[in-house]
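[1] Structure, please.
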Amino acid sequence: MAGAEDLARRAIPILQRLIAFDTTSHLSNLALIDWVEDYLAGHGVASRRIANADGAKANLLATVGPAREGGVVLSGHTDVVPVAGQAWTSDPFALVERGGRLFGRGACDMKGFIALALAAVPDFLDAGLARPAHLAFSYDEEIGCFGAPAMIEVIARELPKPALVVVGEPTSMEVVSGHKGIGAWRVTVSGHEAHSSRTDLGVSAVMGAARLMGALAELAERFVRDADPASPFLPKHPTLTIGTVNGGTAGNILARECVFVFDLRGLPDDRSREALAPVLDLARRIDAEMKSQAPEAGVVIEQLADVPPLRADPTGVAEAFVRRLAGDNGPARVASFASEAGQFQGAGLPTVLCGPGSIDQAHQPDEYVDVAQMQRAAAFMARLAEELSA
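    Below is the predicted model:
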């Protein structure tokens, strides 16, 4: 498709510009949002910001085409993961092409998709769309999918109902119709410092935390043992991991504090969250025991993230539509990572994942997207323009 080839070429300088903005999740994304707003305005397309509480970050929502039902939402997150400590061979915030690959932080996850959606705007306008393309760009996906819900609420409340949502996570342009959900928790165990020879005079936060971490490790092993061999996920079971642990000041001091973070990634229809109940009961018992030794001691558990899974839609409407445009005749697919797709689905919008690049490159040093993947995604955008103008 000649139009698709041209669209792919036009997307690369846009990707270069997007990657140049360091939108690591702990930073603001407003410079990128400013640039996208100006780009859209240059094509006569109005956009709307949906900002976070302090205004330091924002989602961006825009509609290309008529305000009618039956449009398609193209969704992407603007934030990226950190590059600190990674061995990059080039500047992660400067797009570099080598050997048919485009390198840069966010190249596949997921500024490549956003660049293609933006490059398709003039094509959408030229096509005279009968149904709209909605652009929905979010913040803070990488740290818990915190940005998208406010934008999804606006879409559900104020826009003519879209027919479906395409979340452009890197799936090698293959349609993914289901993924795991994720919950993340921070556990803070407080103790009372004393010399380690006088355990009767204090209470160790590390020892209390170790009991809880041991219970979580046992639960993780149970998930492995109870895995359904027929599960399409890799791994086939819910996963429970402790990601960070910080505690204590010296080997001969009862620790005043120990903090650890764990996450649980459950299958769409499992009951893994319920399996946490005995661990939470243990936390309450440890809290009471520690308080009996020192009033200031105890256990506090805070939930940091709660991202719903994406469940395969039994109607298959979105999946069939996107498969046709992506040229995907493969088997049904699921992903073990989480995304904003489950949040869109929760608002009653049929949703699938489909975007350029592979998740295997995401979050890695020398992250890249293949030029061939950009071309394949450009063909998808060109077909979408045709479909929405029919």
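
[2] quick one: average pLDDT of stretch 134-142?
    Stretch 134-142 carries an average pLDDT of 98.

[3] Extract the C-alpha set from that stretch and format it as PDB.
    Provided in PDB are the C-alpha atoms of stretch 134-142 (Å, rounded to 0.1, in the frame of the first residue of the first chain):
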ATOM      1  CA  HIS A 134     -10.400   9.100  18.800                       C
ATOM      2  CA  LEU A 135      -6.800   9.600  20.100                       C
ATOM      3  CA  ALA A 136      -6.400   8.900  23.800                       C
ATOM      4  CA  PHE A 137      -2.900   9.400  25.200                       C
ATOM      5  CA  SER A 138      -2.400   8.800  28.900                       C
ATOM      6  CA  TYR A 139       0.200   9.300  31.700                       C
ATOM      7  CA  ASP A 140       1.500   7.100  34.500                       C
ATOM      8  CA  GLU A 141       0.600   3.700  32.900                       C
ATOM      9  CA  GLU A 142       4.000   2.300  33.800                       C
END
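
[4] what's near enough to touch R49?
    Going by CB atoms under 8 Å, 6 or more residues apart in numbering, R49 touches I33, E37, A58, N59, L60, L61. Yep, even glycine has a C-beta here, placed from its N, CA and C like the rest.

[5] Between the two ends of stretch 185-197, how far is it?
    33 Å (CA to CA, to the nearest Å).

[6] sorry, that was for stretch 170-177
    OK, stretch 170-177 end separation, CA to CA: 13 Å.

[7] now stretch 270-285
    First-to-last distance for stretch 270-285 - CA to CA - comes to 27 Å.

[8] got a list of contacts for that stretch?
    Under the criterion CB under 8 Å, 6+ apart, residues 183, 187, 211-212, 215-216, 219, 222-223, 238, 240, 264, 266, 299, 301 lie in contact with stretch 270-285.

[9] Which ones among the residues you listed lie within helices?
    If you go by DSSP state H, these have R211, L212, A215, L216, L219, R222, F223 in helices.

[10] buried subset of the residues you listed?
    Among the ones in helices among the contacts of stretch 270-285, the ones that count as buried by 16 or more other CB atoms under 10 Å are L212, A215, L216, L219, F223.

[11] Is the closest residue to A107 other than its chain neighbours in a helix, a strand, or coil?
    The shortest distance from A107 to any non-neighbouring residue, by CB to CB, 6 or more residues apart in numbering, is to V369 (4.5 Å). At V369 the chain is in strand, as set by DSSP: H, G, I helix; E, B strand; the rest coil.

[12] how close does C354 sit to L254?
    Separation of C354 from L254 (CB to CB, to the nearest Å) stands at 53 Å.

[13] Can you tell me which of the ones in helices among the contacts of stretch 270-285 is nearest I14?
    Among the ones in helices among the contacts of stretch 270-285, F223 lies closest to I14 (CB to CB), at 42.3 Å.

[14] C354 and L254: who's more crowded?
    Taking other CB atoms under 10 Å, C354 and L254 do not tie; C354 has more neighbours (27 against 24).

[15] Would you mind confirming that the more buried one makes contact with R376?
    No - between C354 and R376 there is no contact under CB atoms under 8 Å: 10.4 Å.

[16] any shared contact partners between the two?
    M173, A326.

[17] Tell me who's in contact with L7.
    Contacts of L7 by CB under 8 Å, 6+ apart are L116, A119, A120, D123, A378, M381, A382.

[18] Just the pLDDT at the closest residue to I253 other than its chain neighbours, thanks.
    Distances taken as CB to CB, 6+ apart put E193 closest to I253, at 5.8 Å, once the chain neighbours are dropped. What the model reports as pLDDT for E193 is 98.

[19] what about E193, how many neighbours?
    So E193, with other CB under 10 Å, has 19 neighbours.

[20] got a list of what it touches?
    G202, I253, L254, A255, R256.

[21] The last one reaches T249, doesn't it?
    Read that as R256. Yes - here R256 lies in contact with T249, judged by CB under 8 Å, at a distance of 7.3 Å.
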